[in-house]
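In: this one's structure only:
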């Protein structure tokens, strides 16, 4: 966190280590792929692309040590409703 001490006009940097709050490191079963959607193409399209995000499952009490992946599968076809008239 970054803050300003208004009386001394100095910046303060505070680092908080939250790692002791997580009892274990995440394993493969703690992750899932999530696809946002706008309701078209069976719910697999958002802003013209099919995208999947790797994320930690809700309720998984673990600490992630990896960079989560983002996969763009393909472009979605345009529909009549995509255009403004």
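Out: Yes, it's here. Remember, it's a predicted structure, so these values are computed and weren't measured experimentally.

In: Name the residues linked to residue 70 by a beta bridge.
Out: Beta-bridge pairing of residue 70 under DSSP bridges involves residue 53.

In: got a list of what it touches?
Out: When contacts are counted by Cβ atoms under 8 Å, 6 or more residues apart in numbering, residue 70 touches 51-54. Glycine gets a C-beta too; all of them are placed from N, C-alpha and C.

In: Can you tell me which of these are buried?
Out: Neighbour counting by 16 or more other Cβ atoms under 10 Å classes 51-52 among the contacts of residue 70 as buried.

In: Residue 9: which of the contacts of residue 70 is nearest?
Out: For the contacts of residue 70, the residue nearest residue 9 by Cβ to Cβ is residue 53; the value is 41.6 Å.

In: Can you lay out the contacts of residue 70 as TSV showing distance to residue 73?
Out: Putting those into TSV (distance: Cβ to Cβ, whole Å) gives the following:
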residue	distance to residue 73
51	7
52	7
53	12
54	13
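
In: which one of the contacts of residue 70 is nearest residue 21?
Out: Where the contacts of residue 70 are concerned, and distances follow Cβ to Cβ, residue 21 has its nearest neighbour in residue 54, at 22.1 Å.

In: Compute the first-to-last residue distance for stretch 14-29.
Out: From its first residue to its last, stretch 14-29 covers 34 Å (Cα to Cα, to the nearest Å).

In: Among the contacts of residue 70, which one sits closest to residue 27?
Out: residue 54 (13.5 Å).

In: Isn't the closest one up against residue 31?
Out: Yes. The pair residue 54 / residue 31 is scored as a contact, 5.6 Å apart, by Cβ atoms under 8 Å.

In: Need the overlap of contacts for those two.
Out: Contact criterion Cβ under 8 Å, 6+ apart; residues shared by residue 54 and residue 31: residue 68.

In: what residues does stretch 30-39 touch?
Out: The set of residues that contact stretch 30-39 without belonging to it, under Cβ under 8 Å, 6+ apart, is 43-47, 50-57, 60, 62, 64, 68, 71.
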